[in-house]
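1. test case, fold it:
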Amino acid sequence: MKHIIILTLTFVALTQLVCVPASAVLSSADSVAIESAIAEIEAQASVERVAALERRKEQRQKIIRKVWINVSKAVGIVLCLLALRWIIGFIGQTVGTEKSYPNVIETNSVAILFVGAPSQEAAAGIGRCLVEERLAACTNIIDGTCLRSPAGEPVPEALMVIKTARRKLKLLVTRVRELHMNPTPEIIPYPIDQGLKSYVHWILESTDSKPWWVRK
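-> Reported below is the predicted structural model:
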């Protein structure tokens with residue numbers, strides 16, 4: 001806008017110089033007035049430039065503040081999540097420590113089988129074969145009575161509690177079915193999640209098919 005005004009004033013001055021006679025040349029007062037007007041226009045343009053720069057600077061500062069606020073919020077959320085995770089882990093570790101026992105380990109390598117037998121002698125024969133063939137580490141025999149459906153009549157029965165390695169379960173179940181008198185024997189595997197470390201190792205070593213002198 002200032003350039004248009006300056007060009008207009010200059011054009012008017014040149015027109016007067018060219019079109020009017022020499023006697024009508026602008027006076028010094030008119031020249032001063034024109035120069036003053038031009039100086040005022042330039043000063044106003046300078047003020048507008050400074051104001052525009054200040055507005056741009058303020059906008060940049062607002063953007064920077066917004067970025068810093070968002071970054072601070074994100075960092076705060078991450079720190080809260082990490083603190084929450086640490087608290088949950090600490091509580092879980094404390095609870096786990098309270099429920100732990102000396103020399104007891106978590107394991108998924110051993111199991112117990114409950115097998116019913118018609119008599120204590122039959123259970124002893126089956127258990128002896130399983131231990132000799134290293135399919136079981138040991139077999140406990142509980143003599144007792146079973147009430148079977150549908151009549152609920154008492155029937156003598158011995159319960160075998162067999163400890164073995166999980167890798168031997170398939171072979172052990174197959175062997176029990178071969179040795180058992182009942183075509184549909186009672187065989188209930190039960191996994192062991194925890195156990196005394198030395199006892200768990202003993203079960204694994206006792207069911208190892210390698211000779212004792214090459215076992216680790």
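
2. show me the strands in this protein, by range?
-> For the chain, strands defined by DSSP state E occupy the ranges 104-106, 110-117, 138-148, 153-165, 187-191, 194-196.

3. for residue 204, what are its contacts?
-> The neighbours of residue 204, taking Cβ atoms under 8 Å, 6 or more residues apart in numbering as the test, are 109, 110, 165. Where you see a C-beta, it was placed from the backbone N, CA and C, and this is true even at glycine.

4. which of these scores worst on pLDDT?
-> Across the set of the contacts of residue 204, residue 109 stands lowest in pLDDT, at 90.

5. got the phi and psi for that one?
-> With angles defined as degrees, to the nearest 10, residue 109 sits at phi -110, psi -10.

6. pretty sure it contacts residue 163?
-> No - in this structure residue 109 lies outside contact range of residue 163 using Cβ atoms under 8 Å: 11.8 Å.

7. higher neighbour count, the two?
-> Higher neighbour count among residue 109 and residue 163: residue 163, with 21 against 14, using other Cβ atoms under 10 Å.

8. quick one: contacts for that one?
-> Contacts of residue 163 by Cβ under 8 Å, 6+ apart are 110, 111, 112, 136, 137, 138, 139, 203.

9. widest-spaced pair of those residues?
-> With Cβ to Cβ as the measure, no two of the contacts of residue 163 lie farther apart than 110 and 139, at 14.2 Å.

10. the two: which is more packed in?
-> residue 110 (23 against 20).

11. how close does the more buried one get to residue 179?
-> 22 Å (Cβ to Cβ, to the nearest Å).

12. over to residue 61?
-> Per Cβ to Cβ, residue 61 is found 88 Å from residue 179.

13. higher neighbour count, these two?
-> In this view residue 61 and residue 179 are compared by other Cβ under 10 Å, and residue 179 has more residues nearby, 17 against 10.

14. ok, the spatially closest residue to that one that is not a sequence neighbour - how many residues close by?
-> Leaving out its chain neighbours, the residue that sits closest to residue 179 by Cβ to Cβ, 6 or more residues apart in numbering is residue 126, at 4.8 Å. Neighbourhood size, residue 126 [other Cβ under 10 Å]: 25.
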